[in-house]
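**Student:** Next input, structure requested:
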Amino acid sequence: MSGFAPINQNLSYWQKQAKPLFPDLAWNIPEQKTGTLTIVGGNLQSFSNVIRTAEYAGRTFPLKHIATILPDVLRKKLPSLENVNFAPSTSSGSFAKSYPIEEYCASGDMILLAGDLSHNAETAIAITDAIQKSEKPFIITRDTIDLIASASSQILSHRNMFIIGSMSQIQKIFRAVYYPRMVMLSQPLLPVIETLHKFTLSYPVTILTFHQENIIVASNGNITTTHIHDTDYTPISLWSGQLAIKVAALNLYNPNEPFKATTAAILYK
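**Tutor:** Numbering: from 1, shown residues only. Next up is the predicted model:
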């Protein structure tokens, strides 16, 4: 963590998006398939959302390759599916610490940790280690955030990290790193904006969250808010996996533009 950055009181870092702020990014979607996405998630009891998320990615974007990684306890429970790979699992049916999971998390141009990982210490260690041993961009969403929140200090040091999570999940990350300002569900929008501005000046992370009917993107001290009524999302569908796929694809096609690409993903159709 760098120094505790002062808040910019003139709010010049904050833009409101009712129509696309960065429309040129949509033109960067290639006509030919390019880029590889690795989607990691699932456990013995819950895996269908991970598969649906991968299918959505394949239907929506011209990605050269999409690999879905599931625990190997599911190998005999699923029909043969294209581009589905398996990594060693724990006795409870989630990912175990292993070389294959680390290799898969280093194989794609972008890695989406899509959730449904269950809550056990071995899986938390496996995922945290895989992140730390890879320099590839990661998107962490759904219950992956809860699983590895206690390792936030290590995770936030990764230079290509995206977190798509609820306010309560962002709170867990703040608490884990003993951040001196907290985001609260009861706060008005402005104090949350100010705190996320300051936090992302201190940590090299791009955050997408939801508060007071606004989808918030924070990256390198910059903020955008998009009122949910100006989008096709509901407060529930934000976390289905489709928005995470759009964030992944637009960042693949617009490298080194995490703030603009993540903002553009919200209104991308």
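
**Student:** can you pull out the helices in this structure?
**Tutor:** For the chain, the helices defined by DSSP state H cover 48-60, 99-104, 121-132, 143-148, 152-155, 167-176, 189-202, 242-253, 258-267.

**Student:** How about the third one, which residues are buried there?
**Tutor:** Yep, that's helix 121-132 we're talking about. Across helix 121-132, burial judged by 16 or more other Cβ atoms under 10 Å covers 123-124, 126-131. Glycine gets a C-beta too; all of them are placed from N, C-alpha and C.

**Student:** The longest one now?
**Tutor:** Taking 16+ other Cβ under 10 Å as the basis for neighbour counts, the residues of helix 189-202 that come out buried are 192-202.

**Student:** from the residues you listed, which is closest to Leu243?
**Tutor:** Within these, distances to Leu243 taken as Cβ to Cβ reach their minimum at Leu196, with 17.7 Å.

**Student:** pLDDT score for that closest one?
**Tutor:** Per-residue pLDDT puts Leu196 at 97.

**Student:** That one contacts Arg181, doesn't it?
**Tutor:** No: in this structure Leu196 lies outside contact range of Arg181 using Cβ atoms under 8 Å: 9.6 Å.

**Student:** Point out where the stretch 1-150 of the chain drops to low pLDDT.
**Tutor:** 1-9 (pLDDT under 70).

**Student:** let's see it at 90
**Tutor:** Along the stretch 1-150 of the chain, the model assigns pLDDT under 90 to residues 1-10, 25-32, 76-82, 107, 118-120.

**Student:** Output the buried residues of helix 121-132 in a markdown table; the columns should cover distance to Tyr99.
**Tutor:** Below are the buried residues of helix 121-132 laid out as a markdown table (distance: Cβ to Cβ, whole Å):
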| residue | distance to Tyr99 |
| --- | --- |
| Thr123 | 16 |
| Ala124 | 18 |
| Ala126 | 11 |
| Ile127 | 14 |
| Thr128 | 15 |
| Asp129 | 10 |
| Ala130 | 10 |
| Ile131 | 15 |
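
**Student:** between the helices of the chain, which gets nearest to Thr34?
**Tutor:** Across the helices of the chain, Thr34 has its closest neighbour in helix 242-253 (7.8 Å, Cβ to Cβ).

**Student:** ok, residues contacting that closest one?
**Tutor:** With Cβ atoms under 8 Å, 6 or more residues apart in numbering as the test, helix 242-253 has contacts from 25, 28-30, 34-35, 37, 53, 56-57, 60-61, 63, 109-110, 112, 114, 137, 139, 141, 162, 164, 208, 233, 237, 257-258, 261-262, 264-266, 268.

**Student:** circling back: let's have the buried residues of helix 189-202 in JSON lines, adding distance to Glu102.
**Tutor:** Putting the buried residues of helix 189-202 into JSON lines (distance: Cβ to Cβ, whole Å) gives the following:
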{"residue": "Val192", "distance to Glu102": "35"}
{"residue": "Ile193", "distance to Glu102": "37"}
{"residue": "Glu194", "distance to Glu102": "38"}
{"residue": "Thr195", "distance to Glu102": "34"}
{"residue": "Leu196", "distance to Glu102": "31"}
{"residue": "His197", "distance to Glu102": "34"}
{"residue": "Lys198", "distance to Glu102": "33"}
{"residue": "Phe199", "distance to Glu102": "28"}
{"residue": "Thr200", "distance to Glu102": "28"}
{"residue": "Leu201", "distance to Glu102": "31"}
{"residue": "Ser202", "distance to Glu102": "28"}
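
**Student:** mind putting the helices of the chain in TSV, distance to Leu74 included?
**Tutor:** TSV is the format used below for these (distance: least, Cβ to Cβ, whole Å):
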stretch	distance to Leu74
helix 48-60	10
helix 99-104	14
helix 121-132	14
helix 143-148	17
helix 152-155	26
helix 167-176	26
helix 189-202	36
helix 242-253	21
helix 258-267	29
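
**Student:** Appreciated, that's everything.
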